[in-house]
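Asker: Sequence plus predicted model, see below.
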Amino acid sequence: MLSINTTVFLVGILLLLGIASSKFAARSGMPVLVLFLGVGMLSGSEGLGGIAFEDYGIANSIGSVALALILFDGGLRTSLDAVRSSWQPALSLSTVGVFLTSLLTGLAATYILDLPPLHGMLLGAIVGSTDAAAVFAILRSSGLRLPPRLTATLEVESGSNDPMAIFLTVGLIGLITGNADSPAGIGLLFFLQFGVGTAAGLGIGLLAAWLINRINLDYPGLYPILALALGLLSFGLAAVLGGSGFLAIYLAGIVLGNSTIVFRNGIFLFHDAGAWLGQMILFIMLGLLSFPSRLAAVSLDGLLIALVLIFVARPLAVIISVFPFRFPLREMIFLAWVGLKGAVPITLATFPLLAGVQQSELLFNVVFFVVLVSAVTQGWSLPLVARWLRLGKTYEPVAPLTVEINALRHVDGEIVEYVVTPTSKVAGQALRDIALPYDVVVTLVVRKNGVIIPRGSSTLEPGDHVFMTVRSRFKPLLNCLFDSCPLVPPLSPGLRLDFRADSSIGKIHQFFSLPEPEENGDALIGSLAVEDETRPPAMVGPFIVSKGDNPDRVTLTYSEKLRRQHGQAGSARNEKTR
């Protein structure tokens with residue numbers, strides 16, 4: 001038994017190695033979670049470190065807490081628009097998709113490993129879900145910029161499919177050990193996993209947003225800890241009541257992240273660090289738990305099962321699950337390929353070990369090998385597959401520069417940082433040539449190690465960090481200004497924006513991500529704001545143009561009806577150009 005001092009020393013060393021490996025991952029393109037696993041395996045009893053660790057109970061407990069931290073941070077960063085656009089296909093994938101993946105993989109495992117049918121199905125259930133920790137890590141560190149609906153579907157699916165995998169795993173263990181009460185009991189387990197998990201997550205999430213805004217703490221540093229405590233409360237409450245704690249904490253994160261809360265920047269930064277810590281601890285610990293000699297013994301069988309899972313089970317499950325939702329073929333292929341496996345299957349593989357299921361050690365080693373194959377092949381190849389399918393684009397992530405501004409009271413505005421990339425619409429443009437609303441001000445430009453005080457003649461260059469003071473409701477438009485959007489993003493109906501009347505119509509189109517005007521692009525937007533009751537009002541995309549309160553201003557009012565019409569027209573144009 002190691003002393004506490006030795007344990008702390010070893011944990012510090014392992015975390016430093018994990019951080020160092022992330023630098024190598026950024027340069028090599030290898031998924032960082034694979035390197036975290038590698039650090040753990042090299043440090044294990046059969047590696048260079050010689051650290052003996054084979055306590056599956058502790059591994060299960062630590063893994064559950066670490067995964068909860070990762071899911072909470074993922075929920076905080078999942079926008080409500082993403083959930084609205086993807087909840088139907090994501091729900092289908094997280095239920096029907098997981099079931100079909102588990103069934104097909106289980107049948108293959110039964111034949112390949114010569115297992116009893118229930119044991120084969122158990123292995124299929126363990127590897128049936130897409131892992132949230134793996135998906136969040138890959139999508140947010142690989143430099144992939146995918147279509148919004150596709151990205152949202154992948155993230156929401158991975159964050160919400162654990163209850164189905166847990167239900168299948170626990171149910172099959174009950175059938176194997178003879179502890180399953182009845183079909184009614186299994187049905188109750190299914191209801192509790194989804195129903196209680198959803199109720200606890202939504203309820204605690206709403207409570208968290210209300211409490212954070214009203215508690216008025218004297219010490220700002222306590223707000224992130226309060227948010228974490230409430231997230232863990234949702235996890236624990238759901239688990240105690242028989243529900244899915246993973247689903248609960250993910251939903252609580254979504255509710256809290258989409259609420260207007262005080263000290264928002266500090267809360268998000270704290271949980272981003274918590275998620276990274278959770279990933280490092282989780283995957284390094286799981287690496288310690290593995291034994292390379294045992295993995296080598298199951299490598300051939302594990303490879304065959306992984307091939308069935310990657311090339312047969314997941315693709316068929318995706319086709320059946322999302323076919324009604326009219327995804328383009330290229331996006332369906334990508335959905336099938338991003339069936340990443342990670343911490344959840346390895347954590348679930350400890351369940352049979354703890355329950356004393358026969359051949360559970362074989363199941364654990366095969367699952368671990370399947371996860372390695374999935375993480376290396378699918379995780380490493382994501383940018384290549386996206387490029388091959390012509391989905392979105394890849395870019396070199398620019399290290400973020402953050403100015404911490406924390407408000408302990410609600411203010412109708414934010415200071416937001418944007419990075420100018422080579423493909424940004426503002427790259428190479430002087431500030432005076434960019435049409436910005438009156439409620440948007442460029443406050444600071446940072447170029448390399450220097451600070452530029454913005455003036456009209458200041459030109460934005462790739463790599464610049466631009467800090468802007470904006471009304472919160474305008475952020476979706478600015479996001480599209482610094483990065484391409486195919487259509488005007490959804491906005492609040494009736495949203496009004498004031499522009500200078502001497503801004504050109506072409507620059508207004510550029511700001512709103514509208515196609516270039518076929519004619520009169522150099523004409524002034526003020527020329528459209530003519531009050532004539534005999535003529536219908538002028539329109540720019542989904543915006544109605546009218547005179548502003550001052551003679552030198554023009555007001556554009558957003559219309560959801562016009563946006564839908566414009567979106568249909570844009571879709572038709574895109575189809576013609578393919």
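Answerer: Received the coordinates, thanks. Residues are numbered from 1 along each chain as shown.
Asker: which residues in the stretch 101-250 of the chain form strands?
Answerer: Applying DSSP state E, counting those that start in this stretch to the stretch 101-250 of the chain gives strands spanning 144-145.
Asker: And the residue nearest to Ile51 when sequence neighbours are not counted, what's its pLDDT?
Answerer: Distance criterion C-beta to C-beta, 6 or more residues apart in numbering; nearest residue to Ile51, sequence neighbours excluded, is Ser43 at 5.3 Å. C-beta coordinates here come from the backbone N, C-alpha and C atoms, glycine included. Listed pLDDT for Ser43 reads 84.
Asker: Also Gly50?
Answerer: pLDDT at Gly50 comes out at 79.
Asker: coming back round to it: right, and the residue nearest to Ile51 touches Leu286 too?
Answerer: No: Ser43 lies out of contact with Leu286 (C-beta atoms under 8 Å); the separation is 11.9 Å.
Asker: Comparing those two, which residue is more hemmed in?
Answerer: For Ser43 versus Leu286, the count of surrounding residues by other C-beta atoms under 10 Å is larger for Leu286: 26 against 20.
Asker: Can I take it that that one is in a helix?
Answerer: Yes: under DSSP: H, G, I helix; E, B strand; the rest coil, Leu286 sits within a helix.
Asker: Please verify my assumption that it contacts Ala59.
Answerer: Yes: here Leu286 reaches Ala59: they are 7.1 Å apart, a contact under C-beta under 8 Å.
Asker: anything in contact with each of the two?
Answerer: Thr347 (C-beta atoms under 8 Å, 6 or more residues apart in numbering).
Asker: Tell me how the chain divides into domains.
Answerer: Domain ranges of the chain: 56-394, 412-484, 493-578, per automatic domain parsing.
Asker: Can you redo these as TSV, where the extra columns are mean pLDDT and distance to Leu48?
Answerer: Formatted as TSV, the domains of the chain follow (pLDDT from 0 to 100; distance: least, C-beta to C-beta, whole Å):
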stretch	mean pLDDT	distance to Leu48
domain 56-394	86	12
domain 412-484	85	39
domain 493-578	75	52
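Asker: what's the closest of the ones you listed to Phe36?
Answerer: Proximity to Phe36, assessed across the domains of the chain by C-beta to C-beta, is greatest for domain 56-394 (3.5 Å).
Asker: ok now the closest one, how far from the chain's centre?
Answerer: Centroid separation for domain 56-394 versus its chain: 12 Å, with C-alpha atoms, centre = their mean, to the nearest Å.
Asker: Three-state assignment for the residue nearest to Gln378 when sequence neighbours are not counted, please.
Answerer: With C-beta to C-beta, 6+ apart as the criterion, Gln378 has its nearest non-adjacent residue at 5.5 Å, and that residue is Leu340. Secondary structure assignment for Leu340 (three-state DSSP): coil.
Asker: any chance you could map the helices in the stretch 251-400 of the chain?
Answerer: 264-289, 292-297, 299-308, 314-322, 329-337, 343-355, 360-374, 380-388 (DSSP state H, counting those that start in this stretch).
Asker: Which of these sits closest to Val127?
Answerer: Once the helices of the stretch 251-400 of the chain are compared by C-beta to C-beta, helix 343-355 is nearest, at 4.7 Å.
Asker: which secondary structure elements does the closest one contact?
Answerer: Packing partners of helix 343-355 (3 or more C-beta pairs under 8 Å, 6 or more residues apart in numbering; DSSP states H and E): helix 56-76, helix 117-126, helix 132-141, helix 162-177, helix 264-289, helix 360-374.
Asker: Show me which positions of the second one end up buried.
Answerer: In this case it means helix 117-126. His119, Gly120, Met121, Leu122, Leu123, Gly124, Ala125, Ile126 (16 or more other C-beta atoms under 10 Å).
Asker: now for it, which elements pack on it?
Answerer: Looks like helix 117-126 contacts helix 98-112, helix 162-177, helix 343-355, helix 360-374 (3+ C-beta pairs under 8 Å, 6+ apart).
Asker: got the contact list for the residue nearest to Leu247 when sequence neighbours are not counted?
Answerer: Closest residue to Leu247 apart from its sequence neighbours, by C-beta to C-beta, 6+ apart: Gly197 at 3.6 Å. Gly197 sits next to Pro163, Ala238, Gly243, Ser244, Gly245, Phe246, Leu247, Ala248, Leu251 when contact means C-beta under 8 Å, 6+ apart.
Asker: ok, the first one - contacts?
Answerer: When contacts are counted by C-beta under 8 Å, 6+ apart, Pro163 touches Ser94, Gln193, Phe194, Gly197, Gly243, Ser244, Phe246, Leu247.
Asker: which SS state does Ser546 fall under?
Answerer: Ser546 - assigned by three-state DSSP - is strand.
Asker: Excluding sequence neighbours, find me the nearest residue to it.
Answerer: Thr555 (5.1 Å).
Asker: burial measure for the one you found, as a count.
Answerer: So Thr555, with other C-beta under 10 Å, has 17 neighbours.
Asker: if I look at it, how far off is Gly201?
Answerer: 41 Å (C-beta to C-beta, to the nearest Å).
Asker: One more: Leu256?
Answerer: Taking C-beta to C-beta, one finds Leu256 at 10 Å from Gly201.
Asker: Looking only at neighbour counts, state which of those two leads.
Answerer: Gly201 (30 against 26).
Asker: In contact with that one: list those residues for me.
Answerer: Taking C-beta under 8 Å, 6+ apart, one finds Ser234, Ala238, Leu247, Ala248, Ile249, Tyr250, Leu251, Ala252, Ile254, Val255 in contact with Gly201.
Asker: Need the nearest residue in space to the fifth one, chain neighbours excluded.
Answerer: Going back to what we said before, that points to Ile249. Phe235 (4.2 Å).
Asker: distance of the one you found from Leu363?
Answerer: 26 Å.
Asker: So which of those two has more stuff around it?
Answerer: Phe235 (30 against 26).
Asker: hmm, back to that, can you tell me which residues contact the residue nearest to Ile249?
Answerer: Ala68, Gly245, Phe246, Ala248, Ile249.
Asker: Show the buried residues in the residues you listed.
Answerer: Buried among those by 16+ other C-beta under 10 Å: Ala68, Gly245, Phe246, Ala248, Ile249.
Asker: so, if you compare those, which one comes nearest to Ser504?
Answerer: Ile249 (48.8 Å).
Asker: right, and the closest one touches Leu233 too?
Answerer: No: counting by C-beta under 8 Å, Ile249 does not reach Leu233; the two are 9.1 Å apart.
Asker: The closest residue to Gly243 other than its chain neighbours: how many residues sit nearby?
Answerer: Counting by C-beta to C-beta, 6+ apart, Gly243 lies nearest to Val196, which is 2.7 Å off, once chain neighbours are set aside. Using other C-beta under 10 Å, Val196 is surrounded by 22 other residues.
Asker: can you put the buried residues of helix 117-126 in a markdown table and add distance to Leu431?
Answerer: Shown next, in a markdown table, are the buried residues of helix 117-126 (distance: C-beta to C-beta, whole Å):
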| residue | distance to Leu431 |
| --- | --- |
| His119 | 66 |
| Gly120 | 64 |
| Met121 | 62 |
| Leu122 | 61 |
| Leu123 | 59 |
| Gly124 | 57 |
| Ala125 | 57 |
| Ile126 | 55 |
